[in-house]
Each structure stands twice: as structure tokens, then as C-alpha cells.
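> Sequence and predicted structure are below.
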Amino acid sequence: MQFHHHGYVSEDPRVQPASEVGLNRPERIPDQVDVLIVGAGPAGMIAAAQLAQFPGITTRIVDRRAGRLEIGQADGIQKRSVETFAAFGFADEIVAEGCEVTQTVFWKPDPRDVARIVRVSREPEDERDVSEFPHILVNQARVLDYFGRVMAQAPTRMKVDWGLEFEDLEISESGDHPVTVTLAHSAGEHMGHRQLVRARYVIGTDGAHSRVRGAIGCNFSGGASNHAWGVVDLLAVTDFPDIRTKCVIQSHDAGNILLIPREGGYLVRLYVDLGDVDAQARSSIRQTPVEEVIARAQAILHPYTLDVRHVAWYSVYEVGHRVCDRFDDVPLDRIGQRLPRVFIAGDASHTHSAKAGQGMNVSMQDGWNLAWKLGHVLEGRSLEALLATYSAERQRIGQDIIDFDKRWATMMATPPEQLGNPREVEAAYAQITEFAQGFMTQYAPSLITGDAGHEALAAGFPIGRRFRSARVMRVADARPLQLGHEARADGRWRLYVFADRAPIGDDSPTTRLAHWLADSADSPLQAQPGAAAWYDVKLVCQQSHTEIDIGRVPAVFMPRVGPYELVDYERVFASLGGADDIFAQRGISRDGALVIVRPDQYVAHVLPLADTAELAAFFRGFLRGPGSQPS
């Protein structure tokens, strides 16, 4: 964490000074806003936390509840999400609170006595070591609390406006604030009163029954699988030996359980198979009493006992698989003819079973993908065409998740004797782990994702995939650290310059690129006055840190910051060498490479150090030029 560059700081350095719209922020939602977010779930809160970093943008987030969520429906935090939390500054804290998952244990009927279950295998959670972060289990409410803290400590001093329910919206063909939203007070002293808010953009993150989705006429296709599950969070005394380990438990004829240990050391979540559902009796299955679900769980766990002492939360649900045909208000037959003004994200745009742990995790990536793009357009950095990439990117991911979830949910519900291979479930789990952890997302070539023409220069950073961290040495203070952890959710693009073999400061492709970035009129850092602040340019050298003369490092890698124009020394890194050589680990050419990474941590392009023309052309495709005005 860097601070003091605006003067001495003696208080919590995470609290950024309030500025612009954060100064004298009104308690009541103003009649006009830049962005209105409807729904304070995971997708809405991460979008708000990202937009809170843009001081000149008026963003408000509303929710029909009277106050914060207390019991979260979701609890599985995949590794990609923990990477995301690191960018927002709270990964370490939430990991400390959570229950870490290191393996999944599979239980099946004992071949010698099918009435009993026996442990058959243990599958590692991340055998391929695709992330240095853990998979954890923690209450969704705590995730929302942390995003709320990020918002409150941001320059805009954002917070949720509770007790406001979305009723409808209208979109005008003209005007600076073309979306008129009707809100109704659902709690508090103004309950029942309505308010009209005009917005430049609206984000609907209001859940599976989204009214925003209905208002823009999106087709929410798919359906339920006619299979029901009871989910219960409980405190119990048991002799089942793996009660604190994630388990997939399949009985002979009593059904199945997905067992999830919860944070805190005592709480456990059980997803209990309730069997197929008669389409005519759906309402009755939803009325299944918790006592019946516990009795089923006890039967499935035989010969082990389960003495339930307290039920913290309980629900019954059917496995639903639905995804919208589009994630914004532009009809499919008008794509490319007009630009979006209203967006949907999270459960408003896709729903799936809870057992694969995708709902909250995928939703947060929706919200982050969209929010930085809105910030760039509203600040005048980028062309409005950037916003069309949200639906194009995330709708495909939503469909991929549905396809994956159908396969996994079906396998979970299939009795063991009906599976052709006795280890089919374990094998499937091992194959889908990287997908489930959030690391198989790959965006197609687009306005902000280049082609793979030069991808071989940094084969370990596939274009369109998330930027995978690796250990490096920071030169200025000889501190080993994870390169990816140095990127914050501050809305900036990252330019990772992996240097060629030449000593830093000598005439070389690295030095020539540095001068071009700093001085050329074609450089993205010169696109508009102050554009250099939109980028975080980092240098990674092949040599040991002891071989690098910090005084010869080009100024673009050690920029002047703050009112005192202090030198930022924390952007120059060296290879650790040996087994930790980042160039070898990530397949980076010894001739060097430029890896361009989006504000949401996805690799946008890989280029040779000398190809400044293609670098300029890439950013020119979506950046506004000098004198451009915000949308």
C-alpha cells in the first residue's frame, strides 16, 4: 500500500480523502445520477465498489431491503474471487475469517453392505496450482460488508440506499439522462412514497426475479430440472469423520448430500437430495419441513449419526438453469445500431444450482466487467462503444456456466449404480475444478481484446484469460512478492513491460519503448491531458535485482506522483531466478514482451516491445482523442 505522497498520513491509510461527488454527499438520492444500481447483492456491490473509485461520477445503489443482509444464501468463494478481493484490498482479512477448502472427499455405498457409506477417495482442490489463493467458505453477507467498506472509504463515500424498490423505467431516445426510473420507498419514514430518478445508465442486479430485466424485455430462457434439494446450515454433534471437510456423499437409496463446512469452526451446510419433483406438486416440495430434510440427511449418513442442535438457516430449491439472450437493453436485431443504457448482471441475467459454487462468484465478475467500462466512458476516457462489449463478453460466460452446471448437477443427482464408471463423479470433479474455480473464462477478440498473433511471446498469459500472478523481486527494497497482487481495482490499465536481455538504461527495445510511451503523441499515455494516470506501467527485468541500477531506469517506470512530485519506486521488478524465474514460468520470450492487462485483470493483448504502431492502434480503437467529452 502506498501513501504519504499527498502529505503525512497518521490515520487508516485505506481511507482515501473524499473528493468531488464525495464532498457533502447528499443523504437523499438526487433527481439525476450518472449510474443507478438496483440491488445490493454481489454483482451490485462490486460494481458500486469499482465505480466508487471514480470521484467525478455520481453513482447510487438502492435495495428494497431495510438494511444489510444478515444470512447469506451463498458461501463458496472460488479462487478467482479471492484474487478479485485482493484487488479491492480485503483478501487477507476475508481468508482469515473463512474456512479453507483443500480437498473434496467422496463417500459412496459400501460394496459389502450398501446400506452403509464408506470413504472412497480424496481429490485435491487445486492439483495444478492454478492460483496462490485458497478456495474458502464464508457467509455472503460478509463479502457484501467488505465491499461496503471499500465504498465508504473511497473518494465518493458511497453507501447503499436501503428501503428503495425498483418499480419501472422508461428510456428516452435523447437527453443527457435518458433513463427515468420509478422507485418506491419500501421501508423507513417515507414508506410508500415514490421518487423519479433520471440516470445516464442503470444496472439491474436485482436477482432472479429481476424487475429491471422485465422492464427491458430480455428473454430469460431455460427452466428447472424437476429435482429438489433442501439446504440447511446447522450446528450438530456427529461421529461422521469428515464433518469439517467438503464432501460429496452418495447413498444407495436414500439420496445424496453435498457437505460444506462453514466458517467459524462449527457451522456446516448440507445440500440434501429431495429427489425428483412432480411438475404439478412444486409448491408442496417447497413446504418440506426442515425435520424431514434432517431425517433424510441422517439416513444418507448411515452408519454415522447426526445430532442436530441448532438450525441457523433453511430453504428448499429446485435446480434452475436460465440465461438471458442479452445482458443489456439493445434488442438482438439492433446490436451495432445503438448503444446500451440499461444492463443486467448476476442472478438477473443467469441462474444455476448452488452446488457448483458459481452464483456469487460469476455475478461478481459480471459487475466488475461492467463497472470499469462505465467509469471510463463517463469520465471521457473511452468511446461509448466500449459498453457493448459487456453483454458480448458476459452473456457467453453465462451460457458456459449453465452448460457446466447442468452436467455437474445431473451427475450429483444420479445414483452411483447408474453411473457407468464407479469413479465417474470423482473424475468429472477433477476435470471441472479449474472451470469451477473461475479460471477458464476467456474473452474472444474484440475492441478490447487483441488477436493471438504475438501470444507466443508470453505463452503463460493467454489473451482473454485472467492475468496469472507469479513471484518477483521488487528492486527498490529487495522485497519478494506476487506481481499480480500489486494491481488494485483502481480502474487503471496495466502495461507489464517484460524487458529484453540488455542492461536497463542501455539503448534497447525496452528503453526505446519507455521513451515512446513517455514522449510520443501516439502513446496512449498522451491520449488526453492527464492520460498517463490511467495506466500503471510496470517493468519486469530478467536480471537479478542486484544487477539493476535504479538510477538508470527510464522515468516512465518511476513516475512522479502527488503534489510534491515524489518518485514512485514500486513499479520496477526483477526475476527471482531459478525455479521462480517468471520468464521461464510464464513462457516469456528472452527478447522481451509487452503484456497489456485490463482493469478487471484480464489479458487484453501481447505485443513485441518494438511494435509501437500496433500498441497505438489497439488503444486508439476505444480511447477518446484530445478534447473529447464524456458521454
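Sure thing, it's come through.

> element containing the closest residue to Pro303 other than its chain neighbours, please.
Leaving aside its sequence neighbours, Pro303 sits nearest to Arg116 (CB to CB, 6 or more residues apart in numbering; 5.1 Å). Using the backbone N, CA and C atoms, a C-beta is placed for each residue, glycine as well. Using DSSP states H and E, the element containing Arg116 is strand 113-124.

> Just give me how far the very next helix or strand once past that strand sits from the chain centre.
For strand 113-124, the following helix or strand on the C-terminal side (DSSP H and E) is strand 135-137. Offset of strand 135-137 from its chain centre (CA atoms, centre = their mean, to the nearest Å): 14 Å.

> partners of strand 135-137, with directions?
If you go by DSSP bridges, strand 135-137 pairs up with strand 76-77 (antiparallel), strand 99-101 (antiparallel).

> Which positions in the helix or strand following the last one come out as buried?
Read it as strand 99-101. Sequence-wise, the next helix or strand downstream of strand 99-101 (DSSP H and E) is strand 103-110. For strand 103-110, a neighbour-count test (16 or more other CB atoms under 10 Å) marks Thr104, Val105, Phe106, Trp107, Lys108, Pro109 as buried.

> what do you get for stretch 65-82?
So stretch 65-82, judged by 16+ other CB under 10 Å, has buried residues 65, 69, 72-82.

> list the buried ones in the strand holding Arg116?
Arg116, Ile117, Val120, Ser121, Glu123.

> gap between the residue lying closest to the last one once chain neighbours are set aside and Val268?
By that I understand Glu123. For Glu123, ignoring the flanking residues on the chain, the nearest one in space by CB to CB, 6+ apart is Thr104 at 5.0 Å. Going from Thr104 to Val268 by CB to CB, to the nearest Å gives 15 Å.

> for Phe220, same thing?
33 Å.

> Glu123 now?
Glu123 is 20 Å from Val268, by CB to CB.

> Can you say which helix or strand has the residue nearest to the spatial centre of the chain in it?
The residue lying closest to the centre of the chain (CA atoms, centre = their mean) is Gln365, at 3.1 Å. Secondary structure assigned from DSSP H and E places Gln365 in helix 359-378.

> Let me see the mean pLDDT of that helix.
If you average the pLDDT over helix 359-378, you get 95.

> for stretch 76-88, same thing?
Rounded mean pLDDT across stretch 76-88 is 94.

> May I ask you to confirm that the residue nearest to the centre of the chain is in contact with Gln78?
No. Here Gln365 does not reach Gln78: they are 10.0 Å apart, not a contact under CB atoms under 8 Å.

> Quickly list what's touching both of the two.
Shared contacts of Gln365 and Gln78, defined by CB atoms under 8 Å, 6 or more residues apart in numbering, comprise Gly438.

> Which of the strands paired with strand 135-137 sits closest to Arg286?
Smallest distance to Arg286 across the strands paired with strand 135-137 (CB to CB): 22.9 Å, for strand 76-77.

> residues making contact with that closest one?
So strand 76-77 is contacted by Phe85, Ile94, Gly98, His135, Ile136, Leu137, Val138, Val143, Ile260, Gly357, Met360, Asn361 (CB under 8 Å, 6+ apart).

> wait, which of those residues is closest to Val537?
Phe85 (24.6 Å).

> Counting neighbours, what do you get for the residue lying closest to the closest one once chain neighbours are set aside?
Leaving out its chain neighbours, the residue that sits closest to Phe85 by CB to CB, 6+ apart is Ala91, at 4.1 Å. Ala91 has 21 neighbours, counted by other CB atoms under 10 Å.

> how about the strands in the stretch 201-350 of the chain?
Taking DSSP state E, counting those that start in this stretch as the criterion, the stretch 201-350 of the chain carries its strands at 220-238, 246-250, 256-261, 268-276, 306-324, 342-344, 350-351.

> and the closest residue to Cys218 other than its chain neighbours, what does it touch?
Closest residue to Cys218 apart from its sequence neighbours, by CB to CB, 6+ apart: Cys324 at 4.4 Å. The contact partners of Cys324, by CB under 8 Å, 6+ apart, come to Arg213, Cys218, Asn219, Phe220, Ser221, Ile344, Ala348, Ser349, His350, Gln395, Gly398.

> Equivalent analysis for Gln287, please.
Per CB under 8 Å, 6+ apart, neighbours of Gln287: Val316.

> Kindly provide the distance from it to Phe404.
Per CB to CB, Gln287 is found 31 Å from Phe404.

> partners of the strand holding Arg116, with directions?
Here, using DSSP bridges, strand 113-124 pairs with strand 103-110 (antiparallel).

> quick one: average pLDDT of the strand it pairs with?
So the average pLDDT for strand 103-110 ends up being 94.

> Could I get the full set of helices for the stretch 351-500 of the chain?
Per DSSP state H, counting those that start in this stretch, the stretch 351-500 of the chain carries helices over the ranges 359-378, 388-413, 424-436.

> Ok, the stretch 1-150 of the chain next?
Counting by DSSP H, counting those that start in this stretch, the helices of the stretch 1-150 of the chain are 42-51, 79-88, 91-97, 140-153.

> Would you mark the buried spots in the first one?
Looking back up the chat, that one is helix 42-51. For helix 42-51, the buried set under the neighbour-count rule, 16+ other CB under 10 Å, comprises Pro42, Ala43, Gly44, Met45, Ile46, Ala47, Ala48, Ala49, Gln50, Leu51.

> Closest one of the residues you listed to Ser589?
Gln50 (33.0 Å).

> And the residue nearest to the centre of the chain, how far from Tyr146?
For Gln365, the distance to Tyr146 - CB to CB - is 16 Å.

> same check, this time on Gly450
33 Å.

> Who has more neighbours out of those two?
Gly450 (23 against 20).

> Which helix or strand in the chain has the lowest average pLDDT?
helix 424-436 (a mean of 62; mean pLDDT, DSSP states H and E).

> could you point out where the stretch 51-200 of the chain is predicted with low confidence?
Where the stretch 51-200 of the chain drops to pLDDT under 70, the residues are 72-73.

> Which residue of the protein lies farthest from its centroid?
Max radial position in the chain (CA atoms, centre = their mean) goes to Arg112, at 45.6 Å.

> and Ser382, what pLDDT?
Ser382 is given a pLDDT of 97.

> Near it, how many residues? Count them for me, please.
Neighbour count of Ser382, defined by other CB under 10 Å: 27.

> can you count the residues close to the residue nearest to it when sequence neighbours are not counted?
Excluding the flanking residues, the one nearest Ser382 by CB to CB, 6+ apart is His376, at 4.0 Å. Using other CB under 10 Å, His376 is surrounded by 24 other residues.

> Quick check, His376 in contact with Leu386.
Yes. Under the criterion of CB under 8 Å, His376 makes contact with Leu386 at 6.4 Å.

> follow-up on the earlier one: what about the strands paired with strand 135-137, which gets the closest to Pro559?
Nearest of the strands paired with strand 135-137 to Pro559, taken as CB to CB: strand 76-77 at 34.6 Å.

> Taking the buried residues of stretch 65-82, tell me the two that lie furthest apart.
Farthest pair in the buried residues of stretch 65-82, by CB to CB: Arg65 and Lys79, 29.4 Å.

> Residues in a beta bridge with the closest residue to Ile117 other than its chain neighbours, which ones?
Closest residue to Ile117 apart from its sequence neighbours, by CB to CB, 6+ apart: Trp107 at 4.7 Å. Here Trp107 shows beta-bridge partners Arg119, Ile249, assigned using DSSP bridges.

> quick one, what contacts Trp107?
Ile117, Val118, Arg119, Val120, Asp242, Cys247, Val248, Ile249, Gln250.

> cool, Gly255 as well?
By CB under 8 Å, 6+ apart, Gly255 lies in contact with Val272, Asp273, Leu274, Gly275, Arg296, Ala299, Ile300.

> Excluding chain neighbours, give the residue nearest to it in space.
Asp273 (3.5 Å).

> pLDDT weak spots in the stretch 501-631 of the chain?
Scanning the stretch 501-631 of the chain for pLDDT under 70 picks out 627-631.

> And the helices in it, which stretches?
For the stretch 501-631 of the chain, applying DSSP H, counting those that start in this stretch gives helices covering 509-519, 582-585, 612-620.
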